[in-house]
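A.B. asks: Pasting the sequence and the predicted model now:
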Amino acid sequence: MARGDAVHLAARFGAAFMGLVAATSPTALAGEPASGPATASESRVVPTELCRNFFFVPVTLADREGYPQDRTLWFIYDTGNEATVVDPDSLERVSNRDFDRGDRVNLVEATAGPVTWNRLPTRLRELDHLAMALGRPVDGILHFDAFGDYLVTLDYAAGEIRLDEGRLPRPDGAMVFSTDGPDERPWLDVTFGNNDRRLLVDNGAGGTVLKIHRLDRVDTLSPPVPAGAALKIDRVERSDAARAAGKVRFASFELDQPILESTRGTQLLGGEVMRHFTWTFDGVTDRVRITPLAPGSPIGFPPLDHHGLVLVPGDDGLRVHEIVAKSAAEGSGIRAGDVITRIGGRDLLDRDCVTDLPDEALFTVQRDGASLDIVVPLTRFVE
């Protein structure tokens, strides 16, 4: 998730040090893992669950007398995030203490498999909308440099994160590339015909292929069309979409007519591209090693299908903010203002990590005090 996806709120400070969590000032140094790989030749696997291209990492806080037994928080590891964030409700669950949105809090003695942070600085952000969108609880987001100086490998085929000591070699234009950019996150050049752009490598945009500025300046098979919106931490971002007319190149690889979406925010290379490769990031030297999962095979992308609803989080579910014009949802009976409480008969936070969409979706909505089941067909926005 890119920088614009997080709200920069004023910090509140406290003097109490709880042993489990503690308030910290904004000038405190960022924490690093207290322990990690034992030798340069030994990889350590971070416990991970891969869900819809998102790497979920269980982070467990140290046992403390008088605190809840369940002290595990599920974080998404996100190369596009500059700061680690945690949901205040999740933090209250493991600490028996109230927190306010915008607080800055240290997680003390936090462990993720082979890695332990003596102090993991976090910012508090409500993440309920991400949990509803993904269909499972999201307690926090680990930022790109959360694992300190270690090489971090995202292995989509194995569904795991690995840590190693050492440094990547100099960029060779074949497998190793510079990720230098405007900040400490990883960036890569992407070429659209004769047009070069520097895009953020953002695995936190799990369902995204490529998001770019000025989509109208890129050759596409057909004119861009309104194709819905994406839920962000603090806003709804509407977008147009189209399929590139030819190949798009990044690093030494080609994408065959990928789906392109417009954005006013940060330009992104997302999880739908990343899942075709294994990525090893070296945050110290600003380099990445990219290994294709199927060398020599074309990398194509399916049509863009969507339910045509612009949804925003509410207290009781996902509220229909608006309906995309000319989508099948327009004639389905669902209305702006409806609050979706279940999808496919399941609670919003209790859905499988299934990526294949059915031809139609069953939404249970609340409207004027009544509960209604409405079937909404998917719309194909881009062939």
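C.D. replies: Now that the structure is in, tell me what you want to look at. Fair warning: this is a prediction, and the values are worked out from it, not measured in the lab. Numbering: from 1, shown residues only.
A.B. asks: how does this structure divide up, domain by domain?
C.D. replies: As given by automatic domain parsing, the domain ranges for the chain are 3-162, 176-292, 305-382.
A.B. asks: how far is the first one from where the chain is centred?
C.D. replies: In terms of CA atoms, centre = their mean, to the nearest Å, the centre of domain 3-162 is found 14 Å from the chain centre.
A.B. asks: Whichever strand or helix holds residue 311 pairs with which strands?
C.D. replies: Assessed by DSSP states H and E, residue 311 sits inside strand 309-313. Its sheet considered, strand 309-313 pairs with strand 318-323 (antiparallel) by DSSP bridges.
A.B. asks: Can you show me the CA trace of the partner strand as PDB?
C.D. replies: What follows is strand 318-323, C-alpha atoms only, in PDB (Å, rounded to 0.1, in the frame of the first residue of the first chain):
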ATOM      1  CA  LEU A 318     -19.600  -2.200   3.900                       C
ATOM      2  CA  ARG A 319     -21.800   0.700   2.700                       C
ATOM      3  CA  VAL A 320     -22.600   1.000  -1.000                       C
ATOM      4  CA  HIS A 321     -21.200   4.500  -1.700                       C
ATOM      5  CA  GLU A 322     -22.200   4.400  -5.400                       C
ATOM      6  CA  ILE A 323     -22.800   2.000  -8.300                       C
END
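A.B. asks: Now do the next helix or strand after it: everything it contacts.
C.D. replies: Going down the chain from strand 318-323, the next helix or strand is strand 339-343, by DSSP H and E. The contact list for strand 339-343, computed with CB atoms under 8 Å, 6 or more residues apart in numbering, reads 135, 311, 314, 316-320, 347-348, 351, 361-367, 371. In this view, the C-beta of every residue, glycine as well, is placed from N, C-alpha and C.
A.B. asks: Against which helices or strands is the next helix or strand after strand 339-343 packed?
C.D. replies: Tracing the chain past strand 339-343, the next element assigned as helix or strand by DSSP H and E is strand 346-347. On a contact count with 3 or more CB pairs under 8 Å, 6 or more residues apart in numbering; DSSP states H and E, strand 346-347 meets no helix or strand.
A.B. asks: Show me how far the helix or strand following strand 346-347 is from its chain's centre.
C.D. replies: Once the chain leaves strand 346-347, the next helix or strand it forms, by DSSP H and E, is strand 360-367. Put simply, strand 360-367 sits 25 Å off its chain's centre (CA atoms, centre = their mean).
A.B. asks: what does the helix or strand that comes right after strand 360-367 contact?
C.D. replies: Downstream of strand 360-367, the first helix or strand assigned by DSSP H and E is strand 370-377. Residues from elsewhere that reach strand 370-377 (CB under 8 Å, 6+ apart): 307-309, 328-329, 332-334, 338, 341, 359-366.
A.B. asks: if we go to 10 Å?
C.D. replies: Outside strand 370-377, the residues that touch it by CB atoms under 10 Å, 6 or more residues apart in numbering are 305, 307-309, 323, 327-335, 338, 340-343, 345, 358-367.
A.B. asks: Mark which of these are buried, thanks.
C.D. replies: 305, 307-309, 323, 327-329, 332, 334, 338, 340-343, 361, 363-366 (16 or more other CB atoms under 10 Å).
A.B. asks: still on that earlier bit, is it possible to export the domains of the chain to a markdown table including mean pLDDT and distance to residue 170?
C.D. replies: Below are these laid out as a markdown table (pLDDT from 0 to 100; distance: least, CB to CB, whole Å):
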| stretch | mean pLDDT | distance to residue 170 |
| --- | --- | --- |
| domain 3-162 | 79 | 15 |
| domain 176-292 | 94 | 7 |
| domain 305-382 | 88 | 37 |
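A.B. asks: Within the helices and strands, which one has the residue lying closest to residue 72 once chain neighbours are set aside?
C.D. replies: With sequence-adjacent residues excluded and distances taken as CB to CB, 6 or more residues apart in numbering, residue 72 is closest to residue 60, at 4.6 Å. Mapping residue 60 onto the secondary structure by DSSP H and E places it in strand 54-61.
A.B. asks: Direction included, what does that strand pair up with?
C.D. replies: strand 49-51 (antiparallel), strand 72-77 (antiparallel), strand 104-112 (antiparallel).
A.B. asks: Flag every buried residue along the second one.
C.D. replies: Under the neighbour-count criterion of 16+ other CB under 10 Å, strand 72-77 has 73, 74, 75, 76, 77 buried.
A.B. asks: Quickly check the residues you listed for the two that are furthest apart.
C.D. replies: 73 and 77 (12.8 Å; CB to CB).
A.B. asks: separation between residue 367 and residue 53?
C.D. replies: Residue 367 is 33 Å from residue 53, where distance means CB to CB, to the nearest Å.
A.B. asks: Chain neighbours aside, what residue packs nearest to residue 91?
C.D. replies: residue 99 (5.5 Å).
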